[in-house]
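1. Need a 3D model of the following:
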Amino acid sequence: MAVGISESGIEGAREFPSTSWSVMAHARDPSSPGYARHVARLVELYWRPVYSVIRHGWSRTHDEAKDLTQEFFATVVFDRELLRTYSPERGSFRALLRTAIKHFMHDLARVAGARKRGGGAPVGSLDLTDAESVAAVPGADGMTPEQIFDLAWTQSVMSQATARLHEQLAAHGKATVFEAFRRYDLEGESDSATYAELGRSLGLSEQQVRHALMHARASFREAVTDVVRGYVDDPADLAAELDSLFGG
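-> Numbers count the residues shown, from 1 in each chain. Have a look, this model is predicted:
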C-alpha cells in the first residue's frame, strides 16, 4: 500500500474515526475494515514531528531524516509491538512515540546501519519531498529532541487547523474573513496595522474587520479542537492539550 505525504497531507479518503485510539485500534489489525485508511491517518497525524525530531534533534541530513522516518514507521510503529501493545492507560501515544524515537536512534547508532531499512512496511513509500519546508522547526538549535518533537507537533496541529479554517470559510464565501485573520493574526500585521488600515486594504469597514476577526478566531479554536481530538481520547487530556496550545 502506498501512502503519499505532501504539504496538504495524506492523499486519499478523508473520513476517519475522530479519536487516535480508534484509529490505532484499526491500524494495528490488517483484517480490520478500512485498515489502509487508518494506517494513512496515523501516519498523517505523526509524520511531521517524527521527521522534525530526527532531522533537527539528531542532526541528520534531509535525505537521512526521510529514510529514517520511513524506517521508524515501518519497523517500530507497525512491524514491532509499539502499536499492537499500546493502550490509553499507558499514557498518551505522543509521549510513547517520543520515547520510541529516542530508543530507535540509539539502537541505530549501536548497529551502525546493519538493520534492513523499511522491510515489510505497511506504510509503503512515503513521499517526503516537501518535508524540509513543511516540517521546519525554527529555533531548533539548543532544543532537546523532546522539545523539538513537541514544537513540531504543535506546528502540525496549527497548520492542519489553519487549512481546515481556510477550506471552511472559502466554502461559505468568506474568503475575505480568512484573509483578514491570516494577515492580522497569523502573519503579525497586528504589530503594524490597525483594524481601519487592514479594512481599507480588504475593502471592509473597521467594524467589519472586528467582526471578521472575532468570527475567524472562534472558528479557528474549533478547528484546533477538532484536530486535537484526532490525537487524544480523554476529555481531560483534550482540555490540557488545548490549554497548552492556547496558553490557558
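2. Need the contact partners of stretch 170-179.
-> Around stretch 170-179, the neighbours that count as contacts under CB atoms under 8 Å, 6 or more residues apart in numbering are 165-166, 169, 202-204, 212, 215-216. Where C-beta positions appear, they are placed from N, C-alpha and C, glycine not excepted.
3. how about that stretch: buried residues?
-> By neighbour count on 16 or more other CB atoms under 10 Å, the buried set for stretch 170-179 is 174, 177-179.
4. With stretch 202-221 instead?
-> 202, 204, 208-209, 212-213, 216, 219-220.
5. Take these and keep only those in helices.
-> Counting by DSSP state H, these place 202, 208-209, 212-213, 216, 219-220 in helices.
6. per-domain residue ranges of the chain.
-> The record's domain parsing of the chain by automatic domain parsing lists 1-136, 144-248.
7. Reformat those as CSV; add mean pLDDT.
-> Formatted as CSV, the domains of the chain follow (pLDDT from 0 to 100):
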stretch, mean pLDDT
domain 1-136, 70
domain 144-248, 90
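8. what element comes up after the longest helix anywhere in the chain heading to the C-terminus?
-> What stands out as the longest helix in the chain, according to DSSP H, is helix 145-171. Scanning forward in sequence from helix 145-171 by DSSP states H and E, the next helix or strand is helix 175-181.
9. Work out the gap between that following helix and the centre of the chain.
-> Relative to the centre of its chain, helix 175-181 is centred 23 Å away, using CA atoms, centre = their mean, to the nearest Å.
10. do stretch 172-182 as well
-> 23 Å.
11. Mind exporting the C-alpha coordinates of that stretch to PDB?
-> Output of stretch 172-182 as PDB, limited to C-alpha atoms (Å, rounded to 0.1, in the frame of the first residue of the first chain):
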ATOM      1  CA  HIS A 172     -19.100  29.600   2.700                       C
ATOM      2  CA  GLY A 173     -18.000  32.500   0.600                       C
ATOM      3  CA  LYS A 174     -16.000  34.100   3.400                       C
ATOM      4  CA  ALA A 175     -12.500  34.200   1.900                       C
ATOM      5  CA  THR A 176     -12.100  37.800   3.000                       C
ATOM      6  CA  VAL A 177     -12.700  36.800   6.600                       C
ATOM      7  CA  PHE A 178      -9.800  34.200   6.400                       C
ATOM      8  CA  GLU A 179      -7.600  36.800   4.600                       C
ATOM      9  CA  ALA A 180      -8.100  39.200   7.500                       C
ATOM     10  CA  PHE A 181      -7.300  36.500  10.000                       C
ATOM     11  CA  ARG A 182      -4.300  35.300   8.100                       C
END
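12. can I assume residue 46 is in contact with residue 97?
-> Yes. Between residue 46 and residue 97 there is a contact under CB atoms under 8 Å: 6.2 Å.
13. and the gap between the residue nearest to the spatial centre of the chain and residue 95?
-> For the chain, residue 156 is the residue whose C-alpha lies nearest the centre (CA atoms, centre = their mean; 3.3 Å). Distance from residue 156 to residue 95, counting by CB to CB, to the nearest Å: 16 Å.
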